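>>> got a predicted structure here, sequence first:
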Amino acid sequence: MKPPTKEQCICCNKSLKEESSYRMISSLSSRDGNEHFICNGCALSNSSINCDDCGTYLATDDISKTRTFYKDNKPINRCVHCNEYHDDEAIWCSYHNRYELDKMYNLDDGGSVCKEGKDHTNTCTECGRITLNSLREGLCGQCYFQAHDPDREISSSIKKIGVCDKDNTYKECLHKLTYGVEIETSKVKKDNNTIFNRMRDGSISAWEYVSPILKGDKGLDAIKNLLEKDIDASAKNECGLHLHMGGMKETDIPKLMMAYKMLEPFFYKTVKKYRATNQFCKVINESAEKVSTVQDVERILYNGCNDASYSKKTRYGSDRYIWVNFHSFFFRKTLEIRLHHGTTSYEEIKNWVNLNGCFITWVMKNTPSVIRERFASISIPQTADRKTLPKEKMNAFIQFIAEISNKDIANYYAKKVNKYYGAGAKKVRAGTPELAVRDVRELEIRTI
């Protein structure tokens, strides 16, 4: 007897309307208690692969959509449906680089490790911080820098690169702001790095490379040497690139918050879709376009806190996962831009440093009224539908990039927008309702 035409193979979703041979999975082996069907091909090719929870046959594609958990160092395979029930039970182990169901121990520099990983941690003799990172002279990276830097020139290669060097140039770097990068990786094959601080992050599979304070072409050279000589690494969708920009004053922050908010939908088109819908890159508060004073910014960032000065002194603010982290400025005097997708490409990082550096420099030089007047031909009113961007608006944004930087960078991002959101771009599942501003329609942006 053939199943109803509406039935599909639970593994490959193939319609069983024309299938002459199939098997039925009884309610005893299904978590939802319903009867399901599996085509003959999946049943034969996967007869020895079952969900360890409900017993359902697992096709290769089905397994690839789930996370493999580990308990007592043994893998546990679960189907997509059961994975939904158990996903929040697992914690990422920074030692094994996998999700585990065993008891975990927190690290002071972020992340967690299992019992075996705990035996491989190190304790800083100065601050007592427990970390997986190797120690220098018994000190963690932060204490090592603090111990060796106070009596040295601030241009020390350990702490800063190109900041106070009179022979620094600005040919590749198109602005004179200081900057720094946090490069997240998912796999590292070679590591001969001695300049960047190597750290663990519980959200990624491998290392995060944190640069010293950088400036000018010498700063870009340090990034290039890291990526093209010192390490051999890759970055998958779990990774991101965090850019820190310095050199602005507190009075510049209201203008920057307003400017980034006004062009927010356009910046989202410069990165890959998966990053644009990421929970760690949320949109800026809607009130940001109306800010005019530092107090306005504080009300947005620390709303509900009785003591804003106390909130500014904490490392992680409530808005740390906004794509532009303005709280970072009040804590460490740098603006953290979290939007970019993970990458180990020097070209991508160089252009991102230049785009944001030139943008910030332009905003700092102009008054709010000039900024609003210039953005009038680009930005989209908040009352309008921001789910779609007219081509003429996107082209106006590309033209603006050329004005503040150069045509090469403008054309670079025009091609990126076409690649990520053009007619041939791959579709991705939409994010949460809060992130709906990043949904796009097909764009074909012209180069200049």
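Ah, there it is.
>>> my guess is residue 93 contacts residue 104, does it?
Yes. With contact defined as C-beta atoms under 8 Å, residue 93 and residue 104 form a contacting pair (6.8 Å). Every C-beta, even on glycine, is put in place using the N, C-alpha and C of the backbone.
>>> which residues are in contact with each of those two?
Shared contacts of residue 93 and residue 104, defined by C-beta atoms under 8 Å, 6 or more residues apart in numbering, are found at 112-114.
>>> now, of those, which are buried?
The neighbour count (16 or more other C-beta atoms under 10 Å) marks 112-114 as buried among the shared contacts of residue 93 and residue 104.
>>> what about the stretch 201-350 of the chain, any weak spots by pLDDT?
For the stretch 201-350 of the chain, the stretches flagged by pLDDT under 70 are 202, 304-320.
>>> in it, which spans are strands?
For the stretch 201-350 of the chain, the strands defined by DSSP state E, counting those that start in this stretch occupy 207-210, 213-215, 231-234, 241-246, 324-325, 334-337.
>>> residue 71: which of these is closest?
strand 207-210 (25.9 Å; C-beta to C-beta).
>>> packing partners for the closest one?
Judged by 3 or more C-beta pairs under 8 Å, 6 or more residues apart in numbering; DSSP states H and E, the packing partners of strand 207-210 are strand 178-184, strand 197-200.
>>> what's around the residue lying closest to residue 420 once chain neighbours are set aside, how many residues?
Using C-beta to C-beta, 6 or more residues apart in numbering and skipping residues adjacent in sequence, the residue nearest residue 420 is residue 272, 5.6 Å away. Other residues near residue 272 come to 20 when the count uses other C-beta atoms under 10 Å.
>>> quick check on residue 272: phi, psi?
When read as degrees, to the nearest 10, the backbone of residue 272 gives phi -70, psi 150.
>>> and it, how far is that from residue 344?
Distance of residue 272 to residue 344, given as C-beta to C-beta, to the nearest Å: 14 Å.
>>> cool, residue 366 as well?
Going from residue 366 to residue 344 by C-beta to C-beta gives 35 Å.
>>> okay, these two: which has more neighbours?
More crowded of residue 366 and residue 344, by other C-beta under 10 Å: residue 344, with 23 against 15.
>>> who are the contact partners of that one?
So residue 344 contacts 183, 185, 227, 231, 233-235 (C-beta under 8 Å, 6+ apart).
>>> longest single helix anywhere in the chain?
Assignment by DSSP state H gives helix 346-365 as the longest helix of the chain.
>>> helices of the stretch 251-400 of the chain, start to end?
Using DSSP state H, counting those that start in this stretch, the helices of the stretch 251-400 of the chain run over residues 253-262, 264-268, 273-276, 294-301, 308-313, 327-332, 346-365, 368-375, 391-404.
>>> first-to-last residue distance for stretch 189-197?
17 Å (C-alpha to C-alpha, to the nearest Å).
>>> picking up where we left off before, now render the helices and strands packed on strand 207-210 as TSV, adding mean pLDDT.
As requested, the helices and strands packed on strand 207-210 are arranged in TSV below (pLDDT from 0 to 100):
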stretch	mean pLDDT
strand 178-184	95
strand 197-200	82
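>>> among those strands, which is nearest residue 396?
Nearest of the helices and strands packed on strand 207-210 to residue 396, taken as C-beta to C-beta: strand 178-184 at 26.5 Å.
>>> buried set for the closest one?
For strand 178-184, burial by neighbour count (16+ other C-beta under 10 Å) applies to 178-184.
>>> which one of the residues you listed is nearest to residue 78?
For these, the nearest to residue 78 is residue 184 (26.6 Å; C-beta to C-beta).
>>> who's that closest one bridged to?
Beta bridges link residue 184 to residue 208, judged by DSSP bridges.
>>> surely it touches residue 208?
Yes. Contact criterion C-beta under 8 Å: residue 184 and residue 208 qualify, at 4.9 Å.
>>> where do the contact lists of these two overlap?
Contact criterion C-beta under 8 Å, 6+ apart; residues shared by residue 184 and residue 208: residue 201.
>>> can I get the buried ones among the shared contacts of residue 93 and residue 104 in JSON lines including pLDDT, distance to residue 336 and secondary structure?
Formatted as JSON lines, those follow (pLDDT from 0 to 100; distance: C-beta to C-beta, whole Å; DSSP: H, G, I helix; E, B strand; the rest coil):
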{"residue": "112", "pLDDT": "73", "distance to residue 336": "23", "secondary structure": "strand"}
{"residue": "113", "pLDDT": "80", "distance to residue 336": "26", "secondary structure": "strand"}
{"residue": "114", "pLDDT": "86", "distance to residue 336": "31", "secondary structure": "coil"}
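>>> show me what the nearest residue to residue 333 once chain neighbours are set aside is bridged to.
Leaving aside its sequence neighbours, residue 333 sits nearest to residue 246 (C-beta to C-beta, 6+ apart; 6.1 Å). Per DSSP bridges, the residues bridged to residue 246 are residue 178, residue 334.
>>> residues contacting the closest residue to residue 353 other than its chain neighbours?
Nearest non-adjacent residue to residue 353, counting by C-beta to C-beta, 6+ apart: residue 179, 5.7 Å away. Residues counted as contacts of residue 179 (C-beta under 8 Å, 6+ apart) are 213-215, 219, 243-246, 353, 357.
>>> now residue 179: how far from residue 211?
8 Å.
>>> between those two, what contacts are shared?
Common neighbours of residue 179 and residue 211 (C-beta under 8 Å, 6+ apart) are residue 219.
>>> quick revisit: didn't the residue nearest to residue 333 look like it was pressed against residue 163?
No. The criterion here is C-beta under 8 Å, and residue 246 misses it with residue 163 at 9.5 Å.
>>> surely residue 100 meets residue 93?
Yes. With contacts counted by C-beta under 8 Å, residue 100 reaches residue 93, the gap being 4.7 Å.
>>> check contacts around the residue lying closest to residue 271 once chain neighbours are set aside.
Among residues not flanking residue 271 along the chain, residue 341 sits closest, at 5.1 Å (C-beta to C-beta, 6+ apart). Residue 341 is in contact with 235, 237, 239-241, 271-272, 274-275, counting by C-beta under 8 Å, 6+ apart.
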